[in-house]
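1. Sequence and predicted structure, then a few things I'm wondering about:
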Amino acid sequence: AQKVTQAQTEISVVEKEDVTLDCVYETRDTTYYLFWYKQPPSGELVFLIRRNSFDEQNEISGRYSWNFQKSTSSFNFTITASQVVDSAVYFCALSEATGGFKTIFGAGTRLFVKA
Amino acid sequence: NAGVTQTPKFRVLKTGQSMTLLCAQDMNHEYMYWYRQDPGMGLRLIHYSVGEGTTAKGEVPDGYNVSRLKKQNFLLGLESAAPSQTSVYFCASSLGGYSYEQYFGPGTRLTVT
């Protein structure tokens, strides 16, 4: 069965600190996709990244980086030199090839970045 | 491009009343979804559609109905609202199935008293 666990409910950091948001997933499929979405205070979810199960390369996009490790079933997200504008709820999500069209979302991690 | 839009943004209903939420997308996406977001539970899929004229049940479909008469529109109906349906509802669309990212609307905050 699909499951996504984001154990950190809330994280609070001071601006310019680095912060890592954890995501652990469960799946029996060999073909699956992992996603991260950002939900700022305005409420609309915004897509950040997609990673398929056959590509374990880490990815960096500006201050954002993602570490995908199949051995530990984790897809962690790091923000380097955090800024106040990074304050949001971040969701990790999983969809499987055999899961139909269902994407399972984690409960989300609320990040507070204080000036 | 407006992307994904939802109407209304807010609504208060009394128990037993009915209403329809409208979702529209202008990206020519085949797939559309309705989710509800409750505190501490992430997003849960209510119903989805893989193309015009098709609908299917998601994770929490009870108490909701949907229709997709036009490719760009996906309607979510509550026939007899219950307090348990108090939530924030998000519509989303995607170009394809499981491997594609979803684009979300701004959400509708529904309160049932």
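-> Received, thanks. Small disclaimer: the values here were computed from a predicted structure and weren't measured. Numbering: from 1, shown residues only, chains lettered A, B, ... in the order given.
2. can we go C-alpha only for contacts and neighbour counts from here?
-> Will do.
3. Just grab the bridge partners of the residue nearest the centre of chain B for me.
-> Nearest residue to the geometric centre of chain B (CA atoms, centre = their mean): residue B:34, 2.8 Å. Beta bridges link residue B:34 to residue B:47, residue B:91, judged by DSSP bridges.
4. just the strands in chain A please.
-> A:3-5, A:10-14, A:19-21, A:24-26, A:32-39, A:46-52, A:59-61, A:64-69, A:74-79, A:88-96, A:103-105, A:109-114 (DSSP state E).
5. just to revisit the earlier point, ok, the residue nearest to the centre of chain B to residue B:66 distance?
-> According to CA to CA, to the nearest Å, residue B:34 stands 9 Å off from residue B:66.
6. swap in residue A:82?
-> Residue A:82 sits 41 Å away from residue B:66, going by CA to CA.
7. need the residues of chain A near chain B, please.
-> The interface of chain A toward chain B, taken as CA under 8 Å from any CA of the partner chain, is made up of A:32-33, A:35, A:42-47, A:50, A:52, A:91, A:95-97, A:99-108.
8. For chain A, which helix or strand comes out least confident on mean pLDDT?
-> Every helix and strand in chain A was compared by mean pLDDT, DSSP states H and E; the lowest is strand A:59-61, with a mean of 90.
9. Show me what that strand is packed up against.
-> Helices and strands touching strand A:59-61, as assessed by 3 or more CA pairs under 8 Å, 6 or more residues apart in numbering or on different chains; DSSP states H and E, comprise strand A:64-69.
10. quick one: the strand it packs on to strand A:46-52, angle?
-> 30 degrees (axes from the mean of the first three to the mean of the last three CA atoms, to 10 degrees).
11. Could you give the separation of strand A:64-69 from the chain centroid?
-> Distance of strand A:64-69 from its chain centroid, counting by CA atoms, centre = their mean, to the nearest Å, is 9 Å.
12. Pairing partners for that strand, with directions?
-> Sheet pairing for strand A:64-69, assigned by DSSP bridges, gives strand A:59-61 (antiparallel), strand A:74-79 (antiparallel).
13. Give me whichever of the ones you listed is most buried.
-> Across the strands paired with strand A:64-69, the average number of neighbours (mean count of other CA atoms under 10 Å in any protein chain shown) peaks for strand A:74-79, which reaches a mean of 20.
14. what's in contact with it?
-> A:18-25, A:34, A:63-69 (CA atoms under 8 Å, 6 or more residues apart in numbering or on different chains).
15. tell me the angle that strand makes with strand A:32-39.
-> Counting by the same axes, to 10 degrees, strand A:74-79 points 30 degrees away from the direction of strand A:32-39.
16. so how far is residue A:21 from the residue lying closest to residue A:20 once chain neighbours are set aside?
-> Excluding its sequence neighbours, the residue lying closest to residue A:20 (CA to CA, 6 or more residues apart in numbering or on different chains) is residue A:78, at 4.2 Å. Distance of residue A:78 to residue A:21, given as CA to CA: 6 Å.
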